[in-house]
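In: Need the 3D shape of this:
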Amino acid sequence: MLVTEPLPPSVRAVRPGTGDDPTSVELHDLAPVVRTGSVADIGQVRTLRARLAGLTELAGLTGPAGDAVAEPAAWAVRLLDRASRDAPRLTVAARWHGDLAPWNTARDATGTLWVWDWESCEPDAPAGLDALHWAFSVHRETAGPGGIRLADCLTDAAPHLTALGAARRTWPALLRIYLAVTIERACGLAAADGGWQRLWIQPDQLYALTGQADDLTVTS
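Out: Numbering: from 1, shown residues only. This is a model prediction of the structure:
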């Protein structure tokens with residue numbers, strides 16, 4: 001079923017730093033917290049692992065393009081493995097939007113937040129992925145893929161993670177899961193396009209981000 005509704009004439013673009021960013025309450029309304037669970041038992045993580053397994057199997061099967069995505073996909077699997085070790089249990093939301101970014105949101109004259117492009121939505125996801133994606137997307141716009149600092153993204157998302165009930169000690173694991181999503185999506189696009197030439201991010205930049213994720217710690 002497809003439900004559509006036109007945007008009100010009074011909508012304005014949501015731009016970071018103007019006070020229009022989604023609030024913690026709005027993030028919870030979009031993706032309400034429903035339970036806690038182990039990383040291995042979270043539906044979104046299971047389906048992510050399945051997609052990554054398909055990408056790693058492309059090595060040698062589809063020529064250079066397959067080899068080019070198999071290695072980054074293996075980095076993402078390693079990130080998920082570490083997340084499972086470091087965070088026995090996570091707070092879980094009913095869903096996550098999947099692409100909650102300034103270019104997919106607006107506010108009308110009453111202040112109501114409008115959100116579209118839900119095609120990346122997945123059920124049963126770690127709470128806070130949308131907050132991290134928003135922060136990552138803002139830094140992507142301002143600094144470019146080579147200038148993104150995961151620690152800064154985490155700092156920006158921290159108030160929302162706290163409000164959603166995500167324990168501080170689990171934040172590095174949550175960010176590693178998010179980065180694994182980013183890598184998997186980039187690999188999927190590269191595989192479909194036959195290479196990385198036209199993608200917004202390159203393997204060396206993804207590798208640098210995995211290094212940042214490896215080094216990331218938070219104080220309790």
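In: what about the strands in the protein?
Out: Remark: strands of the chain, listed N- to C-terminal, are 12-13, 33-37, 90-96, 105-107, 113-115, 122-126; assignment by DSSP state E.
In: of all these, which lies closest to Pro203?
Out: Proximity to Pro203, assessed across those by Cβ to Cβ, is greatest for strand 122-126 (24.4 Å). C-beta here means a position set from N, CA and C on the backbone, and glycine is covered the same way.
In: Okay, now the sheet partners of that closest one, with direction.
Out: When pairs are called by DSSP bridges, strand 122-126 turns out to pair with strand 90-96 (antiparallel).
In: CA atoms only: put the partner strand into CSV for me.
Out: These are the backbone C-alpha positions of strand 90-96, laid out as CSV (Å, rounded to 0.1, in the frame of the first residue of the first chain):
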residue,chain,number,x,y,z
LEU,A,90,21.2,-2.7,22.6
THR,A,91,18.1,-0.6,22.8
VAL,A,92,15.9,-1.5,19.8
ALA,A,93,13.4,0.6,17.9
ALA,A,94,10.4,-0.6,15.9
ARG,A,95,12.1,0.7,12.7
TRP,A,96,14.5,3.2,11.4
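In: starting at the chain centroid, how far to stretch 20-30?
Out: A distance of 16 Å separates the centroid of the chain from that of stretch 20-30, by Cα atoms, centre = their mean, to the nearest Å.
In: Outside of that stretch itself, list whatever touches it.
Out: 12, 14, 97, 100, 105, 107, 113, 115, 130-131, 134, 159-160, 163-164 (Cβ atoms under 8 Å, 6 or more residues apart in numbering).
In: Specify which member of those residues is nearest to Pro32.
Out: For those, the nearest to Pro32 is Leu164 (9.4 Å; Cβ to Cβ).
In: Report how many residues lie close to that closest one.
Out: For Leu164, the count of nearby residues is 21 (other Cβ atoms under 10 Å).
In: surely it meets Val33?
Out: Yes - with contact defined as Cβ atoms under 8 Å, Leu164 reaches Val33; the gap is 5.8 Å.
In: Need the overlap of contacts for these two.
Out: Common neighbours of Leu164 and Val33 (Cβ under 8 Å, 6+ apart) are 91, 93, 127.
In: of the residues you listed, closest to Cys121?
Out: For the shared contacts of Leu164 and Val33, the minimum distance to Cys121 (Cβ to Cβ) is 11.1 Å, reached by Ala93.
In: on that earlier part again, got a ChimeraX select line for the buried ones in the contacts of stretch 20-30?
Out: Buried members of the contacts of stretch 20-30, defined by 16 or more other Cβ atoms under 10 Å, are picked up in ChimeraX with:
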select :14,97,100,105,107,113,115,130,131,134,160,163,164
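In: What are the boundaries of the helices in the protein?
Out: Using DSSP state H, the helices found in the chain span residues 24-30, 43-56, 64-86, 129-143, 150-163, 171-193, 203-215.
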